[in-house]
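Q: Dropping the sequence and predicted coords here.
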There are 2 protein chains.
Amino acid sequence: MTRLYNDPVDFADEMIDGFVAANKNHVRRVSGGVVRSTRTPEGTVALIVGGGSGHYPAFGGIVGSGLAHGAAMGNLFASPSAQQVESVATAANRGGGVLLGYGNYAGDVLHFTQAQEKLNAAGIPTRSIAVTDDISSAPLAEKEKRRGIAGDLTVFKAAAAAAEAGYSLDDVVGVAQRANERTRSFGVAFSGCTLPGAGAPLFSVPEGRMAVGMGIHGEPGIEETDISTADELAERFVAALLEELPEGIDTVAGNRVGLILNGLGSVKYEELFVVYRRVSQLLEQAGLVIVDPEVGELVTSFDMAGASLTLFWLDDELEGFWRKPADTPGYRKGSVAAVEQLEASEIAEAEAVIIPVSSAESRAAGWVVYEAIEAIASVVDSNVDELGRIDAVAGDGDHGIGMQRGARAGAAAAREALEAGAGAKTLLDSAAAAWANRAGGTSGALWGVALSAVGASLGDTMEPGPADVAAGVAAARDAIMSFGKADVGDKTMVDALVPFSATLADEISGGTELATAWQRAADVATAAATATADLLPRMGRARPHAEKSLGTPDAGAYSLGLIVQSIAVVLASHREEEK
Amino acid sequence: MTRLYNDPVDFADEMIDGFVAANKNHVRRVSGGVVRSTRTPEGTVALIVGGGSGHYPAFGGIVGSGLAHGAAMGNLFASPSAQQVESVATAANRGGGVLLGYGNYAGDVLHFTQAQEKLNAAGIPTRSIAVTDDISSAPLAEKEKRRGIAGDLTVFKAAAAAAEAGYSLDDVVGVAQRANERTRSFGVAFSGCTLPGAGAPLFSVPEGRMAVGMGIHGEPGIEETDISTADELAERFVAALLEELPEGIDTVAGNRVGLILNGLGSVKYEELFVVYRRVSQLLEQAGLVIVDPEVGELVTSFDMAGASLTLFWLDDELEGFWRKPADTPGYRKGSVAAVEQLEASEIAEAEAVIIPVSSAESRAAGWVVYEAIEAIASVVDSNVDELGRIDAVAGDGDHGIGMQRGARAGAAAAREALEAGAGAKTLLDSAAAAWANRAGGTSGALWGVALSAVGASLGDTMEPGPADVAAGVAAARDAIMSFGKADVGDKTMVDALVPFSATLADEISGGTELATAWQRAADVATAAATATADLLPRMGRARPHAEKSLGTPDAGAYSLGLIVQSIAVVLASHREEEK
């Protein structure tokens, strides 16, 4: 469990502060994460990696010579926001274009894709690679759905070495894709982990048992067995990875492989070495040559107990890249050439926010919106543990803390915008960015686009009426469905949001005043959220690998129900005041 | 807890195999541990470090350019034997003399001191440094009694850099002593750890509590409190370390310090960074300049949860050494100059054993001795958990597994010697070396010297009689008291051994035949061992920091009682056969 923290809400920020303070000769902090503190030649492709925090050295710890140029560092187990990714990429860009590299998780895909669009729109040619090395997370036929685990490192290292060799963005992307195609991992877990300040583990594995294929955030694996001996585990690792050869490789013998035997935090070095002893025997017996094996902690999950084996099937070019030296805070290899430290002024930073002109009517509406966001923060606070428990059934259990961070940050940003004279749209945009930045994860992104969509409908200068609110909610619904790629019946928040929006629009177009209309719509949403518990389990498109259990509602739908109910209370109190 | 292993008895060996397989470009295995696989210039002082296994990267993981030339790798939490240290040092010696570096623990002191004597006798000038950085383990007035923890690294690194700079052995020793004097650490622990295959933790800390000053093998600390926040821990670390300045440093402000914030295994990188954030603020506020801080896992105890802060008070020369690059399996820094890999034939190895001529009478006595050692192995097997439990009260809880490894290895070596035609002395010498090598720790060394002393009295060619046995036991008693520096009343095995030896000698000189005399002496020994539970707690000289609890016998005395009783049974059965 995580024991050392101050206010849990500040953990990720304080962690990054300490990380940067301890590694000044490697990294410098920028908005959204870190970039190298050393000079990169003009025109080099910049590799920006990222993901949730809690996986050190992934991702900030692999910024430096021979590896990433920057890392977007999200909150605990939560994707960085698109804005964070964009900010780090902008700071690290050297005019050669940007490659975004991340593990293939829904939240990361959403945010990095959004950032990619924004960067391209801003004139920075940007591509991306989602690492999919975990063979337990989806069958071969659906390998694009697989999660990224310790194989992140082999893919990022190959791409980084290609970038440093002066390859063009297209060619760096080609190397990264080939490296990803040739990287396969297989893992097991023996225990879960407890996030800072959490009363209970985020997920767990029964004592003495081994969750085969469990993900690094506790995502379901393929089976549970008794803990095996070290040799048996080595045999299982090797058998699984030799069963599925990458495309273009027909026989095992005669190949050369890079290798990572990774520990997640509490399986320690000595145990990994005992396992490696047998792994290396088996691979050599199979006729493989192991090139520069890494045995240690490269992608962790706090003190989660688990281990994975990664094989990186080399060709001549990839072997050259794998062997290249690297010098980063958490991963060092060989001797890198001397590097020059950058001046602080040489790193591009995001610009200050400007508040657009607003009307008194819009600022008055903004006050109600601010109260609504405070109500959201309050209801999420009261339900944070419950939301985490519900989410843990099918997901990674971070929905409660993610929503809490997001709603608190959204409320604080809304208050600040209000005090700076913002209208309803600017206030909502500001709350949306803060929410997405601080919450991270899929739900953070979705609430960010939802708040922005409502804001666009309310504007900064008009006096918004009930029809504008209904239109804003409809726009939010469309944005969420398009961004999250989910339909009704996928057991996501969309199942509650669609009937909520339809009821609200019907009531308002039928002449019902806003507070009553909202309350009726909220009741429909609550019922629909509850009903997600009764649907048959299926593969939701927004979370492709999570089989949801019968009897547990979707966490996103459930929190949407709570939130619209809390807003109904705010609207009702304003109706009373107006009377 | 440790989950991945095969036969627990093989854990350390298999770990070293895997470690070497994963790090072929850094290390090569030799008898007793590892040496660098790269060329060291002729005439360089060789730094040989070592200690028990379970502390990776200490000690094998810090062999390589810029750090150690070799590491003697003991069994789990048990000192390497003198023979292991001697073997590694002989292999790594480049004609410039040897510096032995180790943490200040009783078992390590015994074995490294014995090795130092042997190496000097063999013409290899050898000195040693016992690191004493842990300020919680003894007051300043007794700082030579302090234990070595993460500060091992600063001392070894300074000594290694001095050796690579071409310093003479005397000058390298001077640097190491100054570095040790200027290195101070302070640690806390939140949980214990469970060794491979053990049914219970070796030691533990109550959930939610923090053992301030607990050692890395669970040695008692100075107090127990609730777990503090990260910032409070940082404040406690810094306050403790700024309170005791090294000799010659009068004021805090204006100094430069190397720094290690070390995690023991389960306190993870993110937590350490949160603590470091505040540590760095506090040290900077105090006017210190932090040079090349290291935040991570440098000395671990499997997955024990704990952390320590080490400050290394620099002068110009020490700062240069601290900043020097290093390239080892577990600790890398900067860019080292290119190194050349050695050929296997270039590493000196220990010679094969030669069996001296023996008489039939001595071989017959050797058979009885072999049976006695088998009986020892058997009684230890039956009592291994009980011995561990007793030892855990005052010590590090490894007495049971250490005795088990030692006795089994001793019995196997005795059998092999018997089959090779050895007499009683050679058989006992062989069993003694195997016991000390495999058992490690203090008790391993003591049983090694005891068996050798008995062997010297029995010889290889004479027919030993009861008086020779009594003389051998007396010699073993003297060797143990001299080697272990313990007297009667210190609550060690000496309390049982002295009356055992006296009774045996009395009975035999009075004409009692051997089996009866031995049984009477054994009964006296058992009573004396039991009585160690009734003595008042005091600081035993052999284990200077362990306050023993009233009501629990000393583990060494208790196992001696069991062992002499089991031998009595063997002698009685031989008496019956002779009748």
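A: Alright, I've got the coordinates.

Q: Please count neighbours and contacts with C-alpha atoms only from this point.
A: Fine.

Q: Contact partners for residue A:384?
A: Applying C-alpha atoms under 8 Å, 6 or more residues apart in numbering or on different chains, we find residue A:384 in contact with A:400-401, A:403-404.

Q: and the closest residue to residue A:444 other than its chain neighbours, backbone torsions?
A: Residue nearest to residue A:444 in three dimensions, not counting chain neighbours: residue A:436, with 4.4 Å by C-alpha to C-alpha, 6 or more residues apart in numbering or on different chains. With angles defined as degrees, to the nearest 10, residue A:436 sits at phi -60, psi -40.

Q: what number of residues lie near residue A:436?
A: 33 (other C-alpha atoms under 10 Å in any protein chain shown).

Q: Distance check, it against residue A:498.
A: Noted for residue A:436: a distance of 22 Å to residue A:498, by C-alpha to C-alpha, to the nearest Å.

Q: hmm, back to that, touching, the residue nearest to residue A:444 and residue A:448? I think so.
A: Yes: with contacts counted by C-alpha atoms under 8 Å, residue A:436 reaches residue A:448, the gap being 5.1 Å.

Q: tally of neighbours for the closest residue to chain B within the stretch 1-150 of chain A?
A: Of all residues in the stretch 1-150 of chain A, residue A:18 sits closest to chain B, at 3.9 Å by C-alpha to the nearest C-alpha. Burial measure for residue A:18: 24 neighbouring residues, criterion other C-alpha under 10 Å.

Q: which SS class is the closest residue in space to it that isn't next to it in sequence?
A: Nearest non-adjacent residue to residue A:18, counting by C-alpha to C-alpha, 6+ apart: residue B:277, 3.9 Å away. Classification of residue B:277 by DSSP: H, G, I helix; E, B strand; the rest coil places it in helix.

Q: residues in contact with residue B:277?
A: A:14-15, A:17-19, A:21.

Q: Starting from residue B:13, give me the distance back to whatever residue of the stretch 201-350 of chain A ends up closest to chain B.
A: Among the residues of the stretch 201-350 of chain A, residue A:277 lies closest to chain B, at 3.9 Å counting by C-alpha to the nearest C-alpha. Counting by C-alpha to C-alpha, the separation of residue A:277 from residue B:13 is 10 Å.

Q: if I look at the residue lying closest to residue A:42 once chain neighbours are set aside, how far off is residue A:164?
A: Spatially, and ignoring its direct neighbours in sequence, residue A:42 is nearest to residue A:94 (5.2 Å; C-alpha to C-alpha, 6+ apart). As judged by C-alpha to C-alpha, residue A:94 and residue A:164 stand 12 Å apart.

Q: and what of residue A:423?
A: 47 Å.

Q: picking up where we left off before, for the host helix or strand of the residue of the stretch 1-150 of chain A closest to chain B, name the packing helices and strands.
A: Per DSSP states H and E: residue A:18 is located in helix A:11-22. Counting by 3 or more C-alpha pairs under 8 Å, 6 or more residues apart in numbering or on different chains; DSSP states H and E, the packing neighbours recorded for helix A:11-22 are strand A:27-30, strand A:70-76, helix B:269-285, strand B:289-296.

Q: now the helix or strand following the last one, how far from the chain's geometric center?
A: Just to be clear, that refers to strand B:289-296. Moving toward the C-terminus from strand B:289-296, the next helix or strand (DSSP H and E) is strand B:306-313. Distance of strand B:306-313 from the chain centroid (C-alpha atoms, centre = their mean, to the nearest Å) equals 22 Å.

Q: Tell me which strands strand B:306-313 pairs with, and in which orientation.
A: strand B:183-189 (antiparallel), strand B:256-263 (antiparallel) (DSSP bridges).

Q: Nearest spatial neighbour of residue A:66, chain-adjacent residues omitted?
A: Using C-alpha to C-alpha, 6+ apart, the closest residue to residue A:66 is residue A:326 (4.3 Å).

Q: what about that neighbour, distance to residue B:169?
A: For residue A:326 relative to residue B:169 (C-alpha to C-alpha), the value is 34 Å.

Q: And for residue A:429?
A: Per C-alpha to C-alpha, residue A:429 is found 69 Å from residue B:169.

Q: just residue A:484 next, same as before
A: The gap separating residue A:484 from residue B:169 is 68 Å, by C-alpha to C-alpha.

Q: can you pull the contacts of the residue nearest in space to the middle of chain A?
A: Centre of chain A computed as the mean C-alpha position; nearest residue by C-alpha atoms, centre = their mean is residue A:79, 2.1 Å away. By C-alpha under 8 Å, 6+ apart, residue A:79 lies in contact with A:50-52, A:73, A:107-108, A:111, A:440-442.

Q: In a strand, it, correct?
A: No: according to three-state DSSP, residue A:79 belongs to no strand; its state is coil.

Q: Now do it, the pLDDT please.
A: On pLDDT, residue A:79 comes in at 91.

Q: Same question for the one 10 residues further on.
A: In the predicted model, residue A:89 carries a pLDDT score of 96.

Q: can I assume it is in contact with residue A:70?
A: Yes: the criterion here is C-alpha under 8 Å, and residue A:89 meets it with residue A:70 at 7.0 Å.

Q: Now do the shared contacts for the two.
A: In contact with both residue A:89 and residue A:70: A:46, A:48, using C-alpha under 8 Å, 6+ apart.

Q: tally of neighbours for residue A:57?
A: For residue A:57, using other C-alpha under 10 Å, the count is 20.

Q: who touches it in this structure?
A: So residue A:57 contacts A:297-300, A:329-331 (C-alpha under 8 Å, 6+ apart).

Q: Show the end-to-end separation of stretch A:418-425, please.
A: End-to-end for stretch A:418-425, by C-alpha to C-alpha: 11 Å.

Q: about what we covered before: out of the strands paired with strand B:306-313, which one sits most buried?
A: strand B:183-189 (a mean of 28; mean count of other C-alpha atoms under 10 Å in any protein chain shown).

Q: What segments of chain A are strands?
A: For chain A, the strands defined by DSSP state E occupy A:27-30, A:33-36, A:46-53, A:70-76, A:98-103, A:126-131, A:183-189, A:209-212, A:223-226, A:256-263, A:289-296, A:306-313, A:326-327, A:332-333.

Q: just to revisit the earlier point, got a markdown table for the contacts of residue A:79, with pLDDT, neighbour count and distance to residue A:131 too?
A: Listed next are the contacts of residue A:79 as a markdown table, based on pLDDT from 0 to 100; neighbours: other C-alpha atoms under 10 Å in any protein chain shown; distance: C-alpha to C-alpha, whole Å:
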| residue | pLDDT | neighbour count | distance to residue A:131 |
| --- | --- | --- | --- |
| A:50 | 97 | 30 | 11 |
| A:51 | 96 | 33 | 12 |
| A:52 | 93 | 25 | 15 |
| A:73 | 96 | 30 | 17 |
| A:107 | 90 | 26 | 14 |
| A:108 | 94 | 27 | 11 |
| A:111 | 93 | 28 | 15 |
| A:440 | 71 | 35 | 19 |
| A:441 | 75 | 31 | 17 |
| A:442 | 80 | 28 | 18 |
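
Q: what about residue A:464, neighbour count?
A: With other C-alpha under 10 Å as criterion, residue A:464 counts 18.

Q: Provide the count of other residues in contact range of residue A:221.
A: 18.

Q: Let me see the contact set for it.
A: A:136-137, A:211-215.

Q: Widest-spaced pair of these?
A: A:137 and A:211 (12.6 Å; C-alpha to C-alpha).

Q: With adjacent residues omitted, what lies nearest to residue A:557?
A: Closest to residue A:557 by C-alpha to C-alpha, 6+ apart is residue A:493, at 3.6 Å.

Q: Touching, the one you found and residue A:563? I think so.
A: No: with contact defined as C-alpha under 8 Å, residue A:493 does not reach residue A:563; the gap is 11.6 Å.

Q: out of the two, which sits in the more crowded spot?
A: residue A:493 (31 against 22).
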